[in-house]
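**Q** make a model of this:
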Amino acid sequence: QVQLVESGGGSVQAGGSLTLSCAPSVYTDSIKCISWFRQGPGKERERVASIWTTGGSYYVDSVKGRITISRENSKNTVYLQMHSLKPEDTVMYYCAAGPSFYSNAYWGQGTQVTVSS
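**A** Numbering: from 1, shown residues only. Predicted coordinates:
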């Protein structure tokens, strides 16, 4: 059973930076796309960024310029680097992975990001 292990959440002041990481517990060819989503209280889960095993990436417009998604193949790990964080970035972030952009077979447990003003 594949599990997604997330780390890197925490508290930071506005304008600061955090890097989240996500790593599948085992390697599987079925994972072609890894994404980060975020969800605030009472809101729908929103995709933040995605990266494919081929190297292509996607960002939601609201985070372009502030967030970078990357992967380190040797560690089978995907990173989400977040800069210029704002209080409204204070939500739970979830890693998801699957065979395609629209199919996420695996989800992480979520990691909290808190940005104080």
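**Q** for this protein, which residue is closest to the average position?
**A** Nearest to the geometric centre of the chain sits Trp36, at 2.8 Å (Cα atoms, centre = their mean).
**Q** Provide a list of residues in contact with that residue.
**A** Neighbouring residues of Trp36 by Cβ atoms under 8 Å, 6 or more residues apart in numbering: 20, 22, 47-50, 69, 78, 80, 93-96. Placement of C-beta: from N, CA and C, glycine included.
**Q** swap in Ser70?
**A** For Ser70, the contacting residues are 51, 78-79, 81, by Cβ under 8 Å, 6+ apart.
**Q** next step: the residues you listed restricted to strands.
**A** If you go by DSSP state E, those have 51, 78-79, 81 in strands.
**Q** could you dump those residues into CSV with neighbour count and pLDDT added?
**A** Listed next are the ones in strands among the contacts of Ser70 as CSV, based on neighbours: other Cβ atoms under 10 Å; pLDDT from 0 to 100:
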residue, neighbour count, pLDDT
Ile51, 21, 97
Val78, 27, 96
Tyr79, 19, 97
Gln81, 16, 97
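**Q** relative to Val12, which of these is nearest.
**A** Gln81 (12.6 Å; Cβ to Cβ).
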